[in-house]
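1. Quick one: sequence plus predicted model below, questions after.
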Amino acid sequence: MTNGRFGGIVLEQYGVVYFGNDWQAENRTSSHHVAARLALSMPVLYVDSPGLRAPQASGRDLRRAFRKISSALRRPVQIGPNFWRCTVPQLPFRRVPGVETFNRLFSRWAVKRNMRVLGDCRRISWFVVPHPGFLAKKLGEELCVYYCIDDYAAHPGVDTTLIAERDRELTERADLVFVAPPALLEAKRAINPNTRFSPHGVDVALFARAMDPATEIPALARDLPHPVVGYFGSIHEWIDVELIEWLARERPQWTFLLVGHAAINISGLRALPNVVLAGTQPYAELPNWAKAFDVAIIPYRLNRQVANANPLKLREYLATGRPVVSVGNPEIEKFSRWVRIAEGREVFLAELDGALRDDTPQAMAERVDAVAGQSWDNRVAEVLQEVKAALALHSS
């Protein structure tokens with residue numbers, strides 16, 4: 001990525017206040033990838049934003065809430081050159097009188113205090129999540145960017161009305177909107193004409209390690225019976241665990257290797273002898289696990305959230321060279337030349353059979369080529385050209 005000029009705009013003169021997903025979350029999302037690359041061009045303060053879901057009484061949520069609260073008043077932590085992280089939690093009881101006002105006032109005070117690490121530079125606010133959007137245009141910024149990566153109001157367990165309202169308000173208020181899911185593009189553009197399509201990227205070099213003979217398969221996956229049907233990513237409500245259970249029972253001689261945190265009850269999967277649950281693994285080691293896959297799957301439930309999704313793992317799977325079987329949605333179907341798309345259990349199983357039977361070195365190379373030009377470096381460079389143009393327009 002280059003730092004050059006655009007209409008007299010020099011990015012090093014700006015600092016970004018970036019509102020994203022939890023930096024310490026199990027999954028590396030586009031929120032993390034984009035922020036890290038922005039920090040190559042300008043100072044970035046990454047603000048961990050409170051979760052979309054209301055916190056539950058689970059030990060995991062309570063530990064997460066305690067971590068955020070205890071770190072709220074600390075100085076930002078430097079996590080890289082030009083790159084700092086801070087946490088600004090909010091009280092979750094939004095319907096209690098006075099809580100919303102407190103959250104707005106406290107968040108603005110805390111963020112502005114932490115912005116001092118950016119030094120004496122001009123500011124850009126950058127929102128990847130909508131719920132802290134009430135801070136847009138309240139931080140002395142010259143430009144406000146909304147990088148929408150999901151249909152947030154469709155997430156399970158969220159206050160649908162509140163999140164939809166925050167999403168719309170931020171879309172209206174932002175100077176520039178980027179949309180990753182193609183299904184949301186026209187609706188966003190109707191609200192804000194300064195909306196651009198920006199699909200996800202992929203860390204091509206990282207996931208290519210799955211094809212490197214020197215890459216070691218983790219011990220848990222090293223001696224599994226083949227074929228291995230693999231999945232990496234969180235196991236949430238939008239994952240069709242019943243489909244995976246059915247597939248595993250239909251093919252007891254296969255191994256189903258699932259890598260990622262399980263946020264829902266998966267006792268049915270645990271009971272199956274040919275299902276291996278690897279749990280949460282470091283993002284940088286996912287190619288090591290993928291090297292054990294003979295075929296990768298995207299077993300989503302077909303709901304509103306999935307219909308509007310732009311799954312990051314699709315490009316990551318393709319970059320490993322492994323064949324992919326997936327349910328369909330508008331973004332996945334753009335890759336139908338390289339991905340087997342299945343509707344229904346029987347078709348999904350038949351496509352797995354076909355993927356294992358028909359895979360060739362040429363097909364592997366074609367899958368990698370399909371995403372070779374879609375690196376995160378390229379994606380963020382394209383986004384920054386739009387940001388520079390918008391800054392030039394605002395400065396004129």
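-> On my side now, so go ahead. Numbering: from 1, shown residues only.

2. the domain parsing of the protein - what is it?
-> Under the assignment named as automatic domain parsing, the residue ranges that make up the domains of the chain are 5-201+375-395, 204-371.

3. neighbours around the closest residue in space to T29 that isn't next to it in sequence, how many?
-> Across the structure, with CB to CB, 6 or more residues apart in numbering as the measure, the residue nearest T29 apart from its sequence neighbours is N21 (5.5 Å). For every residue, glycine as well, the C-beta is placed using N, CA and C. Applying other CB atoms under 10 Å, we find 21 residues neighbouring N21.

4. Check whether N21 really touches F127, as I assumed.
-> No: look at N21 against F127 with CB atoms under 8 Å: they stay out of range, at 11.3 Å.

5. residues contacting C121?
-> Residues counted as contacts of C121 (CB atoms under 8 Å, 6 or more residues apart in numbering) are Q13, Y14, G15, M42, P43.

6. Got a PyMOL select line for the buried ones in these?
-> Only the buried members of those enter the following PyMOL selection, criterion being 16 or more other CB atoms under 10 Å:
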select buried, resi 14+15+42+43
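
7. which among the contacts of C121 gets closest to V295?
-> Sorting the contacts of C121 by distance to V295 puts M42 at the head of the list, at 41.2 Å, by CB to CB.

8. That closest one against A35, yeah?
-> No: with contacts defined as CB under 8 Å, M42 does not count as touching A35, sitting 11.2 Å away.

9. ok now the helix or strand where A392 lies, how far from the chain's centre?
-> Assignment of secondary structure by DSSP states H and E places A392 within helix 376-395. What separates the centre of helix 376-395 from the centre of its chain is 20 Å, taken as CA atoms, centre = their mean, to the nearest Å.

10. I'd like to know the average pLDDT value across it.
-> Along helix 376-395, the predicted confidence averages to a pLDDT of 90.

11. cool, stretch 229-245 as well?
-> Stretch 229-245 shows a mean pLDDT of 95 in the predicted model.

12. swap in stretch 299-318?
-> Rounded mean pLDDT across stretch 299-318 is 87.

13. May I have the distance across that stretch, first residue to last?
-> With CA to CA, to the nearest Å as the measure, the ends of stretch 299-318 fall 16 Å from one another.

14. Tell me where the stretch 251-396 of the chain has strands.
-> Secondary structure of the stretch 251-396 of the chain (DSSP state E, counting those that start in this stretch): strands at 255-259, 275-279, 295-298, 324-326, 340-341.

15. for the closest residue to S31 other than its chain neighbours, what are its contacts?
-> In space, not counting the residues next to it along the chain, S31 is nearest to G20; the distance is 3.8 Å by CB to CB, 6+ apart. Residues counted as contacts of G20 (CB under 8 Å, 6+ apart) are S31, H32, A35, Y46, V47, D48, S49, V128, V129.

16. quick one: low-confidence ranges for the chain?
-> Applying pLDDT under 70 to the chain picks out residues 1-10, 26, 50-73, 89-97, 99, 156, 396.

17. same thing but at 50, please
-> Applying pLDDT under 50 to the chain picks out residues 1-7, 55-58, 61-62.

18. sorry, back to before: where does the residue nearest to S31 fall, phi/psi-wise?
-> Listed backbone geometry of G20 is phi -130, psi -180, with angles given as degrees, to the nearest 10.

19. now it: how far from V204?
-> G20 is 22 Å from V204, where distance means CB to CB, to the nearest Å.

20. How about S326?
-> When CB to CB is the yardstick, S326 and V204 sit 20 Å from each other.

21. The two: who's more crowded?
-> The residue with the greater number of neighbours, taking S326 and V204 and applying other CB under 10 Å, is S326; the counts read 24 against 20.

22. Identify the residue nearest that one in space, chain neighbours excluded?
-> Of all residues beyond its chain neighbours, the one nearest S326 is I298 (3.7 Å), with distances taken as CB to CB, 6+ apart.

23. Next up, the contacts around the one you found.
-> Shown here is I298, whose contacts under the criterion CB under 8 Å, 6+ apart are Y231, P311, K313, L314, Y317, V324, V325, S326, V327, I332.

24. my read: the third one touches F232, true?
-> Just to be clear, that refers to K313. Yes: the pair K313 and F232 qualifies as a contact (CB under 8 Å) at a distance of 6.7 Å.

25. between these two, which one's more packed in?
-> Relative neighbour count places F232 above the other of K313 and F232, with 23 against 20, counting by other CB under 10 Å.

26. How about that one, nearest residue that isn't a chain neighbour?
-> Once flanking residues are discounted, F232 sits nearest to V259: 4.1 Å by CB to CB, 6+ apart.

27. And for that neighbour, the neighbour number?
-> Applying other CB under 10 Å, we find 25 residues neighbouring V259.

28. which ones are touching the spatially closest residue to E142 that is not a sequence neighbour?
-> Computed as CB to CB, 6+ apart, the closest residue to E142 that is not its neighbour in sequence is R122, at 5.4 Å. When contacts are counted by CB under 8 Å, 6+ apart, R122 is found next to Q13, Y14, G15, E142.

29. do F207 as well
-> For F207, the contacting residues are L286, P287, A290, E316, A319, T320, taking CB under 8 Å, 6+ apart as the criterion.

30. Recalculate using a threshold of 6 Å.
-> P287, E316, A319, T320 (CB atoms under 6 Å, 6 or more residues apart in numbering).

31. Could you measure from it over to D175?
-> Distance, F207 to D175, by CB to CB: 34 Å.

32. returning to that earlier point: list the buried residues in the helix holding A392.
-> W376, R379, V380, V383, L384, E386, V387, K388, A390, L391.

33. What residues does the third one make contact with?
-> What that stands for is V380. Counting by CB under 6 Å, 6+ apart, V380 makes contact with V34, R37.

34. can you check the second one too?
-> With contacts defined as CB under 6 Å, 6+ apart, R379 is in contact with G201.

35. cool, the fourth one as well?
-> Contacts of V383 were listed using CB under 6 Å, 6+ apart, and they are S198.

36. Quick check: the gap between N303 and R37.
-> According to CB to CB, N303 stands 31 Å off from R37.

37. Comparing those two, which residue is more hemmed in?
-> R37 (20 against 14).
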